[in-house]
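J.: Dropping a prediction and its sequence here:
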Number of protein chains: 2
Amino acid sequence: MARKNSNDIQPGQGDDAVARRTPMREFSRSLPMSLLRAREAVMRQFRPSLRNHGLTEQQWRILRALTAVDEIEVTELARMAFLLGPSLSRILRDLEGRALIERKAAENDARRAVVSISAKGLKLIEAVAPTSEVIYAEITRRFGARKLAELQEMLGALEASLAGMGSSDDAEVEADE
Amino acid sequence: MARKNSNDIQPGQGDDAVARRTPMREFSRSLPMSLLRAREAVMRQFRPSLRNHGLTEQQWRILRALTAVDEIEVTELARMAFLLGPSLSRILRDLEGRALIERKAAENDARRAVVSISAKGLKLIEAVAPTSEVIYAEITRRFGARKLAELQEMLGALEASLAGMGSSDDAEVEADE
DNA sequence: GGAATTCACTTAACATGTTAATCATCTCCC
DNA sequence: GGGAGATGATTAACATGTTAAGTGAATTCC
């Protein structure tokens, strides 16, 4: 089975004007892959501890975010914890069932729901936090505090760079409706 | 149950009227969150194009990886595409059903399956690649080629730093067995 | 040479990511 | 004040992440 078509992708090897497509980037070195692997390497450290406390990474993010405020609306919480609405909805249902959070309707708008962490939720946070801190400290020690700060800054800059980049979709499949 | 396991994580917090202590890092600035947000900012650019071609991000990763080899075993493919076995299993079933890949048993080991991309799969790749390259180029232009390379290097270094870090679990729930 | 173990992969079960649709308000405007 | 649209949240449907269990085939070891 010949992979002959692979060179259709790269026209002129020389001109760097628009397309510098070698068989494409090494792929394993693409930016999305690098970010994915780095994040996984980090999260792998935290997951076991969270799991021992009956929490997933996302549930932890939500509880963590709730400790920073007195109470907060669902949409704003989604933004803080960087979760999509549907995910948050499901998780809040679960956390409320476990009495780790409390939910009530907003005073002047029945559409909005206001969420806050419960005493039980706070206790859970306090039980998990020490271990998380130890792990975070170890990561910092290994990678280097300065480098870590530098990395975070670059990540923020990358995010900012792409802020207003409209999705330059190519095949506008849906034309009607 | 005292809520001061191991002293306060961060003493001397400027307490505002709210009785919520602000333990731990700003949270929104934690390393996992930074990595997650950065990756999402990047992937947001690619998803619409992939979607228009009927591919998810993971399906694309697999096809992309397959173009780099003639054929490959499933486990090795999982490593390449950075997917867990179960996810890969499901996706391969789907891609095989769409005739984008081909699968056969290994010659000397009936346990192993060998996968390769089909002609149809290659054609799909070729249809998607140009747009992906344009997007990647724009990301590079915005963020800066040098900074991009620097970032990737740091991400690799981070990964390497955490390579042999055993999960320092705290509550060893399972003690016997 | 066969039971026990390991290995490669797949299924299962549950939680989340992702997009679209639904539902109940709320706002605006005539 | 009532209907059209906007808004906040949830539900639906499908794909993947994640861990555990299952299945069949190769290896080990006695």
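T.: Perfect, thanks for sending it.

J.: Is there proximity between the longest helix seen in chain A and chain B?
T.: Of all segments of type helix in chain A, defined using DSSP state H, the longest is helix A:119-143. Yes. Helix A:119-143 lies within reach of chain B by C-beta under 8 Å from any C-beta of the partner chain, at A:122-123, A:125-127, A:129-136, A:138-139, A:142-143. For glycine as for every other residue, the C-beta is placed from the backbone atoms N, C-alpha and C.

J.: now that helix, how far from the centre of its chain.
T.: 18 Å (C-alpha atoms, centre = their mean, to the nearest Å).

J.: just the helices in chain A please.
T.: Using DSSP H, helices in chain A cover A:31-52, A:57-66, A:74-81, A:85-97, A:119-143, A:145-161.

J.: Now do the buried residues in the shortest one.
T.: Which is helix A:74-81. A:74, A:77, A:78, A:80, A:81 (16 or more other C-beta atoms under 10 Å in any protein chain shown).

J.: List the residues that contact the second one.
T.: To tie it back to what came earlier, the one meant is residue A:77. A:62, A:65, A:66, A:88, A:115 (C-beta atoms under 8 Å, 6 or more residues apart in numbering or on different chains).

J.: Including mean pLDDT, could the helices of chain A go into TSV?
T.: Output for the helices of chain A, formatted as TSV (pLDDT from 0 to 100):
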stretch	mean pLDDT
helix A:31-52	94
helix A:57-66	96
helix A:74-81	96
helix A:85-97	97
helix A:119-143	95
helix A:145-161	96
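
J.: so of these, which one's packed in deepest?
T.: Counting by mean count of other C-beta atoms under 10 Å in any protein chain shown, helix A:57-66 has the highest mean neighbour count of these, with a mean of 22.

J.: So which elements touch that helix?
T.: Helices and strands touching helix A:57-66, by 3 or more C-beta pairs under 8 Å, 6 or more residues apart in numbering or on different chains; DSSP states H and E, are helix A:31-52, helix A:74-81, helix A:85-97, strand A:101-105, strand A:113-117, helix A:119-143.

J.: Those: which one's closest to DNA strand C?
T.: DNA strand C sits nearest to helix A:85-97 of all the helices and strands packed on helix A:57-66, at 2.9 Å, using C-beta to the nearest atom of the strand.

J.: May I have the closest one exported as PDB, CA atoms only?
T.: The C-alpha atoms that make up helix A:85-97 are tabulated as PDB, following Å, rounded to 0.1, in the frame of the first residue of the first chain:
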ATOM      1  CA  GLY A  85     -23.500  24.900  30.500                       C
ATOM      2  CA  PRO A  86     -24.700  21.400  30.000                       C
ATOM      3  CA  SER A  87     -21.700  19.900  31.900                       C
ATOM      4  CA  LEU A  88     -22.200  22.300  34.700                       C
ATOM      5  CA  SER A  89     -25.900  21.600  34.900                       C
ATOM      6  CA  ARG A  90     -25.300  17.900  35.300                       C
ATOM      7  CA  ILE A  91     -22.600  18.300  37.900                       C
ATOM      8  CA  LEU A  92     -24.500  20.800  39.900                       C
ATOM      9  CA  ARG A  93     -27.400  18.300  40.100                       C
ATOM     10  CA  ASP A  94     -25.000  15.700  41.400                       C
ATOM     11  CA  LEU A  95     -23.300  18.000  43.900                       C
ATOM     12  CA  GLU A  96     -26.600  19.300  45.100                       C
ATOM     13  CA  GLY A  97     -27.800  15.700  45.600                       C
END
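
J.: Could you point out which of the contacts of residue A:77 is nearest to chain B?
T.: In terms of C-beta to the nearest C-beta, no member of those lies closer to chain B than residue A:65, at 6.4 Å.

J.: From DNA strand D, how far out is that closest one?
T.: As defined by C-beta to the nearest atom of the strand, to the nearest Å, residue A:65 lies at a distance of 14 Å from DNA strand D.
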